[in-house]
Every structure is written in C-alpha cells, then in structure tokens.
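Q: missing the sequence, but the structure's below:
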C-alpha cells in the first residue's frame, strides 16, 4: 500500500534527522477540536503503520474530555476501536516542553472504514464534491488569539495579561507596533517553531483586544492540509505560550468588554486548467458562491459559532457582522470581497469563531458556496454602511441547531449520518453545559 510505504519512509527520514527525539505524540481532533491520542516511544512508530487502532468514540467527547450521550455511539455501543492511518506529511518536530518530541496526526478518513462522525472525513467528502464538479478550492486561514494570565480571578474568571514591559494589565491597541515589540520574544519563537514544522505564516499583528494577536497562514490548494495546519498551529501557539509563562486562548469571547477572536476564511476556486473561476463572466460565479454563503449562513452558524460563548461575539455595534451581508472592501460585513487581481479573485468569510472546528467551518463554507454556484443564487446588492446594527442571526446555539436540522441541502452535502451525529452531540453538550450553576446566579439569587 503506497500510503504505508510513503509513511515508513517519512518516519525513517525523521528519525535519521532527529536522533535526539525519543517520544512521539499521536493525536487527532474531535468535533469540539480538542486533541486526544497517545504518547509512544518513537522507535515503535513504524510498527504502528497500518496497525493502529484507537477508540472511535473519542471524536464525540465533550470539551473537558468526557463521553457524551450521542445516539448509539460511545458507551452505548461498547466504545469500539477502529482503524486509523497516519496523515502524510504530519510527522513534525515539537520544540516546546521539557524535551524535544515529535508529533503526528492520525485519521480514519484515510482508512478503509472512515468514521462519518470524524470532522476531517466530513471535509474530505465536501472536497470530493468539488472534484466531481471539476473545481479546485484554494483556502487560507486567519486566526486571532489572546494571551491571557494563566492565573484565574477569585471567581475563576480569565484575567488580562500583564504587559512584560510596564507590568500593567494590557489595554486594547489595534495594530500597535509597541505590542509587537513587547511580545517579540514570544512572537519570534512562534515564527521559528512554525518554520520548523514547515508551516508558512505571513503577517503578524496586534489586534483590537488587550493581548490579542493574529498570525495569518498561507494559501493552500490542499484543503485538508490547510485545516490540518490550523490544528497544528493552535497546538503550537498554546505550547509556545506556556514556555513564555502565558496561556494562549482561541476562545471566541474571553472578555465581554473587548473584541472576540475570529477565524477568517479566504476562498478562491479554480478549474482544472488552473483558471480562477471567480474572475470569469464579470464575477458571476463569485457572486453565486457568495449568494450560497449568505443563504445558508443562519444554519451554518451551528458550525461557525459552535458553543454558547461564541454567540457573545455577535454584539450590536461591535466589530463582527450581525446579519448576512456582503460587500467589496468592507470589514463590517459577513462576506468581504477584497481587492485583488483576476488570478487571485476570492472572498473572505468572516463569521467563524476562532475556536470553531477548522474542518467543519471550512466544510460548511465550501458546501454553502458550492450550493450557491450550482443553484445560481443571487446575493443581492452589496451592503452599504456598517453591518453590525441589527440582529439577523440566531441568538443561541439551540436556535441555530434547529435551523441546521431543517436545512436539507446542507445536511446532504455534509453527510446525512454526520448531521444526525452532530445534532445529537451538540444538544448533549449543551445539556451538560447548562447543568451548572454559575457564580453570577449565586451572587444575584442566593
């Protein structure tokens, strides 16, 4: 099997290049994109190629690592193992922590029995739909994150980080060059370790929130690799932050009074000859793709804002669109078309929270755009003004899940069985989340 032959060669090349590495982390990402897996001695890695089995139900664990009630899965079916394959190209050096280690991603999507509840498998199926239409999507991610104080307040709340230069709690400073200088040691370490993992990054900026940053990733023709890279990037950011005494968080809205963190997706589509289809026919296909994104956006929020906290980002008069909208060069809208030449014509989908599952966020955006192109959806006229003045989205995860459940087109494109699993999983997660009395309830009502 070519997959196994290539992986064995990759493993041997890595061991030869890094004789100092003694351990390897084998991991994958669940529906809530927490990472789970095992740590092995690296000399055993080759023996696992084609022979690796892990619990299938871990894809359906809660954000704190507990099994949720999801249809017949998890403990109801005896928590069976299933076959996993290594993701080619994902064996990489980890330079944070107490000693150098390796990491490698695994998936059922490359096995003979892929699990329909695995997010990577869902994205793979949507990519196949583009191939069937003789189209190739090209994507890039931009992710915002906060550096926060690892210590919590007396009420267990997150605290803004202390500036390493002044010792004071951070304040908002959009595109502030001084912030880049104050955190230069951390940011330079991130750059170095991204390069060591062959992750190409572009611009780095201080964002609107106190201690908030954005590091942009490169465009990819391999859509699955682009989403894999987000998982690797988030793990790296968190690991490097710990080394510098910080905690990195991709939480959508860690502080009510400051900006939330988003995951922006750039999408262009090419034909088999390498021509950008969005630039053709006076951008007609581009507008149809945008029309599909706007049409499906309320129910797609089930994946873009996939937990209760994420809905705090969509506040009126904030900096995130609060209704389906599109325009040219307007950062307040949900879908922005940036200025570009014809070969790079694309749109930027700005609604996903930074803690959304990158496979599922990308899958639902691709599915929405493809549906718009195939059905010739009209996005209407470009939005004029500030698209954050009225609510046009569901206000809660529960409401969004109900909308997704009624969206037969999206469910079909993402997979019927997966859609059932996702709805059951998220409703179970939501029940678990709501079965907790908050400090505010005691403060106000005890």
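A: Noted; the coordinates are in hand. This is a predicted model, so every value here is computed, not measured.
Q: just the pLDDT for residue 256.
A: Residue 256 is assigned a pLDDT of 91 by the prediction.
Q: let's verify it: helix, strand, or coil?
A: Three-state call for residue 256 (DSSP: H, G, I helix; E, B strand; the rest coil): coil.
Q: does it touch residue 312 like I think?
A: Yes: between residue 256 and residue 312 there is a contact under Cβ atoms under 8 Å: 6.6 Å. All C-beta spots, glycine's among them, are computed from the backbone N, C-alpha and C.
Q: ok, those two, which is more surrounded?
A: Legend: neighbour count by other Cβ atoms under 10 Å for residue 256 and residue 312, higher for residue 312 (17 against 8).
Q: mind checking how far the nearest residue to that one once chain neighbours are set aside is from residue 313?
A: Nearest non-adjacent residue to residue 312, counting by Cβ to Cβ, 6 or more residues apart in numbering: residue 253, 3.9 Å away. Going from residue 253 to residue 313 by Cβ to Cβ, to the nearest Å gives 5 Å.
Q: now swap in residue 51 and tell me
A: 43 Å.
Q: and residue 367, what element?
A: helix 358-375 (DSSP states H and E).
Q: I'd like to know which elements that helix is packed against.
A: helix 119-132, strand 135-149, helix 223-243, strand 262-271, helix 284-304, strand 347-353, helix 408-414 (3 or more Cβ pairs under 8 Å, 6 or more residues apart in numbering; DSSP states H and E).
Q: hmm, 7 Å instead?
A: helix 119-132, strand 135-149, helix 223-243, strand 262-271, helix 284-304, helix 408-414 (3 or more Cβ pairs under 7 Å, 6 or more residues apart in numbering; DSSP states H and E).
Q: what's the offset of it from the middle of its chain?
A: On the basis of Cα atoms, centre = their mean, to the nearest Å, helix 358-375 sits 15 Å off its chain's mean C-alpha point.
Q: where do the contact lists of residue 253 and residue 313 overlap?
A: Residues touching both residue 253 and residue 313 (Cβ atoms under 7 Å, 6 or more residues apart in numbering) are residue 260.
Q: where's the spatially most central residue of the chain relative to residue 90, distance?
A: Central residue of the chain (Cα atoms, centre = their mean): residue 358, 2.5 Å from the mean position. Remark: distance between residue 358 and residue 90 (Cβ to Cβ) = 14 Å.
Q: mind checking the SS state of the residue nearest to residue 102 when sequence neighbours are not counted?
A: Excluding the flanking residues, the one nearest residue 102 by Cβ to Cβ, 6+ apart is residue 24, at 4.0 Å. Secondary structure, three-state DSSP: residue 24 is strand.
Q: OK, contacts around residue 24?
A: Applying Cβ under 7 Å, 6+ apart, the residues near residue 24 are 40, 42, 45, 101-104.
Q: so what's it bridging to?
A: With beta bridges defined as DSSP bridges, residue 24 has these partners: residue 40, residue 102.
Q: how much space between it and residue 287?
A: 47 Å.
Q: same check, this time on residue 248
A: 38 Å.
Q: do residue 429 as well
A: 36 Å.
Q: please apply the same query to residue 145.
A: Counting by Cβ to Cβ, the gap from residue 145 to residue 287 is 32 Å.
Q: ok, residue 231 - contacts?
A: Contacts of residue 231 (Cβ under 7 Å, 6+ apart): 29, 33, 358.
Q: hmm, the first one is touching residue 35, no?
A: Yes: if you go by Cβ atoms under 7 Å, residue 29 and residue 35 touch, sitting 5.7 Å apart.
Q: those two: which is more packed in?
A: residue 29 (26 against 16).
Q: and the nearest residue to that one once chain neighbours are set aside, what pLDDT?
A: With sequence-adjacent residues excluded and distances taken as Cβ to Cβ, 6+ apart, residue 29 is closest to residue 231, at 5.2 Å. pLDDT for residue 231: 98.
Q: can you check residue 188 too?
A: On pLDDT, residue 188 comes in at 95.
Q: what's the neighbour count on it?
A: Neighbours around residue 188, by other Cβ under 10 Å: 12.
Q: which residues are in contact with the closest residue to residue 365 other than its chain neighbours?
A: Counting by Cβ to Cβ, 6+ apart, residue 365 lies nearest to residue 349, which is 5.1 Å off, once chain neighbours are set aside. Residues in contact with residue 349 (Cβ under 7 Å, 6+ apart) are 264-265, 267, 293, 335, 365.
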